[in-house]
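S.K.: For reference, the sequence and a predicted model appear below.
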Amino acid sequence: QKKAIDKIDDFNVKGLHQLFLARKLLFAQFKIMMPLQITLRLNKALETFKKQSPTVSNSQNRIAKDIRMLYSEDLQEEHWSEPTASYVDFAVPSSKLVIQFDGPHHFLFINGQASLSPQDQAMDFILRHEGWTVLRISYIDWNRIEDRPQNERIAELKRILGQAQH
């Protein structure tokens, strides 16, 4: 029979990531630390995850062209975020800016209302706690403007993101 510590190896990537985020949140909010054995095992598993290539949706590839127009200088796509142990869609590290493109799986729908998933809320909290600004573009907003001319899309993305062009 496995000990509890050994069961970490049985978690899937999403489960490991949720455990990592829970650990970060506990420390950020309450200064509570997980036992060292669990932390070491978790970090080892997440190093393996880091080596995997992130998946990028077709919609994210299309919006990337316009995001590059807004943040051309230091923009990194699929940037590894150490604070959250995950890839963020777009980052401008020199400005500590993260831009996330949120497809349907980033939301919970309750009584017809869309709410950001708890995992994404935790990631936002951790990034902000670490001094990053997090901006989000929903697939709903993107679907509304995707077929417009590029100059109109750029103007609308500026409005959505609430940022001046860099």
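M.R.: Done, it's in.
S.K.: which sections of the protein are below the confidence cut-off?
M.R.: By pLDDT under 70, the low-scoring segments of the chain are 1-17, 30, 163-166.
S.K.: can you map out the helices along it?
M.R.: Taking DSSP state H, the helices of the chain run over residues 13-30, 36-50, 58-70, 118-129, 139-145, 150-161.
S.K.: right, and these - which one's nearest V88?
M.R.: Counting by Cβ to Cβ, V88 lies closest to helix 118-129 out of the helices of the chain; the figure is 7.9 Å. (Glycine included, C-beta is placed from N, CA and C.)
S.K.: Other residues contacting the closest one?
M.R.: 17-18, 21-22, 24-25, 28, 81, 83-84, 86, 88, 98, 100, 102, 106, 108, 116, 134 (Cβ atoms under 8 Å, 6 or more residues apart in numbering).
S.K.: Buried residues in it, which are they?
M.R.: 120, 122-127 (16 or more other Cβ atoms under 10 Å).
S.K.: what does stretch 31-43 give?
M.R.: For stretch 31-43, by 16+ other Cβ under 10 Å, it's 34, 41-42.
S.K.: Could you do stretch 96-107 as well?
M.R.: Those buried within stretch 96-107 under the rule 16+ other Cβ under 10 Å are 97-102, 106-107.
S.K.: quick one, phi/psi of the nearest residue to L26 once chain neighbours are set aside?
M.R.: Nearest residue to L26 in three dimensions, chain neighbours excluded: I32, at 4.3 Å (Cβ to Cβ, 6 or more residues apart in numbering). When read as degrees, to the nearest 10, the backbone of I32 gives phi -90, psi 130.
S.K.: now I32: how far from L70?
M.R.: Distance of I32 to L70, given as Cβ to Cβ, to the nearest Å: 39 Å.
S.K.: Next: A64.
M.R.: 11 Å.
S.K.: cool, E156 as well?
M.R.: From E156 to L70 the distance is 11 Å (Cβ to Cβ).
S.K.: and if you look at N43?
M.R.: N43 is 35 Å from L70, by Cβ to Cβ.
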